[in-house]
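**Q** Kindly return the folded structure for what I paste below:
(one chain, ligands or ions: 1)
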Amino acid sequence: TPRVFSGIKPSGGLTLGNYLGAIKKFVATQGSMETIYCVVDLHAITVWQDPDDLRNATREVAAGYLASGLDPSQSILFNQSQVSAHAELGWIFNCVARVGWMNRMTQFKEKAGKNAEKQSLGLYAYPSLMAADILLYHATQVPVGEDQKQHVELTRDIAAKFNHDYKVDFFPQPDPVIDGPATRVMNLRDGTKKMSKSGQSDMERINMTDDADTIAKKFKKARTDPEPLPETYDGLAERPEARNLVDIYAALSDVTPAEVVTEYAGAGWGQFKPALADLAVSKLAPISEEMARMMDDPAEIDRVLAEGADRARAIADPILAKTYEIVGMVGR
Ligand code: AQP
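**A** Numbering: from 1, shown residues only. Purely as a prediction, here's the structure:
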């Protein structure tokens, strides 16, 4: 059976983007394939994280996975730093990947802005650690949001160069799995930017822990244009904010965006936004209540993560050992 790997950075609280673009799909994949899901704490520290906030966010992301339906008896769930093979293979891939490849990564450019010189070296090298996360398990399916597509493609390049340089057929070529209506959930205040955990204003994102009133307020204040909903989905092509809200509605209700447009053709925002808020609350409230319950017992979350890490290590350690042997490291 194909192996699936994906991860989420504990760089803040989970957003609706993380839920629709990642977690919901992780849960849907579970059962049909071998699934490994990670809280990638080593990635989080590529930008400054207060240690207490990092601990809290790591548990919150784990609770988000579990409360959304991830079952630790069906999937391996752990945090990255507990399996040291990630950092070790990441180093080897730093020596395989080329500086020119990293220079083409659009996420680094977006995150660094004009301040590239002031960023951590880790933020720049992030994609080669991500390649290690995936290839350490010989995973071939990587469910991600649209923003991570380029990094999965780089993972393929790293695997191919490693195999070529060492004349082996060891690392497989993983595929990004990007489908459904919400592969790129946009910022509620600016439809040209994606919704992020670490965006400046809280009003631009829905957090998975937001209460019903906050969710309603954020959708009410979400930027839109004055036009009502069009008759067809094509009518949203030049209306990024409007399209985003329709896409979110579709993803939350498991229908296509075209079906949403048909249902609400000609409706104004005064009608659509409250309907969207009600839908979001009905889907998110049970999850956030369960997350809150779990966060009251952090020791139980830590226990699940430690057990997952044991199972992850059982797969990762032999692959790392073989990699060291291929590279020519003397070991036991
Ligand atoms: N807006 C989004 N729409 C769809 N999918 C998204 N993902 C993130 N934002 C959206 C997907 O969630 C998974 C985990 O992402 P991550 O936490 O590893 O990193 P990120 O993509 O950098 O997420 P954020 O929320 O933007 O975090 P910050 O602000 O800290 O950088 C990935 O599969 C991602 O595609």
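**Q** and the residue in the stretch 201-332 of the chain positioned nearest to the ligand, how many residues sit next to it?
**A** Here the stretch 201-332 of the chain gets closest to the ligand at one residue, Arg205, 8.1 Å apart by Cβ to the nearest ligand atom. C-beta here means a position set from N, CA and C on the backbone, and glycine is covered the same way. Using other Cβ atoms under 10 Å, Arg205 has 27 neighbouring residues.
**Q** Pull the contacting residues for it.
**A** Arg205 is in contact with 15-17, 187-188, 195-197, 199, 218, counting by Cβ atoms under 8 Å, 6 or more residues apart in numbering.
**Q** out of those residues, which are buried?
**A** Buried subset of the contacts of Arg205 (neighbour count, 16 or more other Cβ atoms under 10 Å): 15-17, 187-188, 195-197, 199, 218.
**Q** before we move on, the earlier item: mind pulling up the pLDDT for the residue of the stretch 201-332 of the chain closest to the ligand?
**A** Listed pLDDT for Arg205 reads 97.
**Q** that older thread, mind putting the contacts of Arg205 into TSV with pLDDT and secondary structure?
**A** Formatted as TSV, the contacts of Arg205 follow (pLDDT from 0 to 100; DSSP: H, G, I helix; E, B strand; the rest coil):
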residue	pLDDT	secondary structure
Thr15	97	strand
Leu16	97	helix
Gly17	96	helix
Asn187	95	coil
Leu188	97	coil
Met195	96	coil
Ser196	94	coil
Lys197	92	coil
Gly199	87	coil
Lys218	97	helix
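**Q** tell me, which of those make contact with the ligand?
**A** Counting by Cβ under 6 Å from any ligand atom, 15, 17, 195-197 from these sit close to the ligand.
**Q** of all those residues, which comes closest to Gly7?
**A** When these are compared for distance to Gly7 (Cβ to Cβ), Lys197 wins out at 13.6 Å.
**Q** Assess the claim that the closest one and Tyr19 are in contact.
**A** No: judged on Cβ atoms under 8 Å, Lys197 makes no contact with Tyr19 at a distance of 11.5 Å.
**Q** Can you name the residues of the stretch 1-150 of the chain sitting close to the ligand?
**A** By Cβ under 6 Å from any ligand atom, the residues of the stretch 1-150 of the chain that approach the ligand are 8-9, 11-12, 15, 17-18, 21-22, 144-145, 147-148.
**Q** Looking from the ligand, tell me which residue of the stretch 1-150 of the chain is nearest.
**A** For the stretch 1-150 of the chain, Cβ to the nearest ligand atom, closest residue to the ligand: Gly21, 2.0 Å.
**Q** Kindly reformat the contacts of Arg205 as a markdown table and extend each row with distance to Ser288.
**A** Output for the contacts of Arg205, formatted as a markdown table (distance: Cβ to Cβ, whole Å):
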| residue | distance to Ser288 |
| --- | --- |
| Thr15 | 12 |
| Leu16 | 11 |
| Gly17 | 16 |
| Asn187 | 21 |
| Leu188 | 18 |
| Met195 | 17 |
| Ser196 | 19 |
| Lys197 | 15 |
| Gly199 | 19 |
| Lys218 | 14 |
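**Q** Check these against Ala97 and report the nearest one.
**A** Ranked by distance to Ala97 (Cβ to Cβ), these are led by Ser196 at 24.8 Å.
**Q** What ranges does the protein have for its helices?
**A** Remark: helices assigned in the chain by DSSP state H are 16-18, 24-29, 41-44, 51-67, 85-94, 99-103, 106-112, 121-135, 149-165, 212-221, 240-253, 257-264, 269-295, 298-327.
**Q** how's the chain carved up into domains?
**A** Following automatic domain parsing, the chain resolves into domains at 3-177+298-327, 202-293.
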